[in-house]
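**Student:** Build me a structure from this.
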Amino acid sequence: MKSIAERIALELNVRVPQVSAAVALFDDKATVPFIARYRKEATGGLDDTQLRTLEERLTYLRDLEDRRAAVLKSIDEQGKLTPELAAQIGAAETKARLEDLYLPFKPKRRTKAQIAREAGLEPLAVALLANPSLVPDVEAKAFVDAEKGIADTAAALEGARWILVETFAEDAELVGGLRQLLWDRAEWVSMVVPGKEDAGAKFADYFKASEPVRNVPSHRALALFRGRKEEVLRLSVVLPEP
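**Tutor:** Numbering: from 1, shown residues only. Below is the predicted model of the structure:
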């Protein structure tokens, strides 16, 4: 795997020694304006814009490496670190990808899916996923067991759903692909909650609005979330028809 200096140099299309010199100056508490004005000879003439990007990427990549080490240690201590998983974690280039890989191994509270597994519902979930032609209500009858808290077929199927939801949510490839798909194609859609038009007049611009997710600036996203928190707006992320 490339060093942090090598990765930043590639991203900025500059030489590694330029990046290494700037990193050393940042580590000595030098600021971007100071380096750009008084240390041009050391960095090979990197300008303000390049230095600010370099500083941001340096912080991000160092945080990423610290988190990578912590994730590897946690999974290893659980006795679940395989060579294949270690290679995937080592190749993760973003924090999101790293967390997707860690999710199945991340300590968490007892979930509804875990409770369903303990009740013996995992075979039902696996069977229904593997064979869509099966009739869910028919298959679920074999798993009804009042002593395990499964009163009827509806309860059995609810447990199977939770197992599948957790399985999908912990699939790094699925989650990563879905995240990218939504970023590339999805739209924010906002609607006013009926009857809140007057009380939420300050959010009038968003009473009936839509915009590609990737185009929403941070200040507008904050306004949308605030409108939802105040129960004036209903928000959803949708994929437009092909």
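**Student:** how about low-confidence regions in the chain?
**Tutor:** Along the chain, the parts satisfying pLDDT under 70 run over 1.
**Student:** Next, please give the residue ranges for the strands of the protein.
**Tutor:** Secondary structure of the chain, counting by DSSP state E: strands at 187-192, 208-212, 233-238.
**Student:** gap between the longest helix along the chain and the chain center?
**Tutor:** The residue-count maximum for a helix in the chain (DSSP state H) belongs to helix 48-77. Distance, stretch centre to chain centre, for helix 48-77: 16 Å (CA atoms, centre = their mean, to the nearest Å).
**Student:** Which strands and helices lie in contact with that helix?
**Tutor:** helix 4-12, helix 16-27, helix 32-38, helix 83-91, helix 95-102 (3 or more CB pairs under 8 Å, 6 or more residues apart in numbering; DSSP states H and E). Yep, even glycine has a C-beta here, placed from its N, CA and C like the rest.
**Student:** Take these and lay them out in TSV including mean neighbour count and distance to residue 189.
**Tutor:** Formatted as TSV, the helices and strands packed on helix 48-77 follow (neighbours: other CB atoms under 10 Å; distance: least, CB to CB, whole Å):
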stretch	mean neighbour count	distance to residue 189
helix 4-12	17	34
helix 16-27	18	42
helix 32-38	15	40
helix 83-91	12	35
helix 95-102	18	23
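**Student:** Please convert these to TSV, extending it with distance to residue 125.
**Tutor:** Shown next, in TSV, are these (distance: least, CB to CB, whole Å):
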stretch	distance to residue 125
helix 4-12	41
helix 16-27	49
helix 32-38	53
helix 83-91	23
helix 95-102	21
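**Student:** what's the residue nearest the centre of the chain in contact with, if anything?
**Tutor:** For the chain, the residue nearest the mean C-alpha position is residue 96 (4.6 Å; CA atoms, centre = their mean). Counting by CB atoms under 8 Å, 6 or more residues apart in numbering, residue 96 makes contact with 176, 179.
**Student:** any idea how this protein splits into domains?
**Tutor:** 4-105, 112-173, 186-238 (automatic domain parsing).
**Student:** Nearest to residue 41, out of the strands of the chain?
**Tutor:** strand 208-212 (44.6 Å; CB to CB).
**Student:** The closest one pairs with which strands, and in what direction?
**Tutor:** strand 187-192 (antiparallel) (DSSP bridges).
**Student:** which of the strands of the chain sits most buried?
**Tutor:** Of these, the one with the most neighbours on average (mean count of other CB atoms under 10 Å) is strand 187-192, at a mean of 18.
**Student:** Compute the inter-axis angle for it and strand 233-238.
**Tutor:** 160 degrees (axes from the mean of the first three to the mean of the last three CA atoms, to 10 degrees).
**Student:** Contacts for strand 187-192, please.
**Tutor:** Here strand 187-192 has contacts from 200, 203, 206-213, 216, 224, 227, 232-240, using CB under 8 Å, 6+ apart.
**Student:** ditto for stretch 86-93
**Tutor:** 1, 64, 68, 71, 72, 75, 98, 101, 102, 172.
**Student:** Once you drop chain neighbours, what's closest to residue 174?
**Tutor:** Nearest residue to residue 174, sequence neighbours excluded (CB to CB, 6 or more residues apart in numbering): residue 168, at 6.0 Å.
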